[in-house]
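> return a 3D structure for these sequence lines:
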Amino acid sequence: MDALIPIRDLADHFGLPLSTLHYWERRGLIQPLRRAGRRFFDSEQFYRTALVVLWRTTGIDEH
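Predicted coordinates for the structure are as follows:
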């Protein structure tokens with residue numbers, strides 16, 4: 001099984017505020033796993049987050 005990454009670590013890795021990851025979750029762009037009320041990300045969601053970050057830097061959005 002993949003190591004699970006806490007949301008704070010993911011945000012720090014990509015230099016994003018937590019609110020951005022929460023927004024992306026509400027929009028269905030990322031889907032964290034929930035454990036004891038906390039959000040965690042596996043390698044697939046880490047990759048998806050990296051894609052969304054790339055889309056933002058290249059001007060591609062979800063519309």
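
> what separates the first and last residues of stretch 12-21, distance-wise?
Counting by Cα to Cα, to the nearest Å, you get 11 Å between the two ends of stretch 12-21.

> distance between it and the chain's centre?
8 Å (Cα atoms, centre = their mean, to the nearest Å).

> flag the shaky bits of the protein, pLDDT-wise.
Low-confidence segments of the chain, defined by pLDDT under 70: 1, 61-63.

> quick check: closest non-adjacent residue to the residue most central in space within it.
Taking Cα atoms, centre = their mean, the centroid of the chain lies closest to residue 49, which sits 4.3 Å from it. The shortest distance from residue 49 to any non-neighbouring residue, by Cβ to Cβ, 6 or more residues apart in numbering, is to residue 30 (5.6 Å). Yep, even glycine has a C-beta here, placed from its N, CA and C like the rest.

> tell me the contacts of that neighbour?
Applying Cβ atoms under 8 Å, 6 or more residues apart in numbering to residue 30 gives the contacts 21, 24, 41, 45, 48-49, 52.

> hmm, try it at 7 Å
21, 24, 45, 48-49, 52 (Cβ atoms under 7 Å, 6 or more residues apart in numbering).
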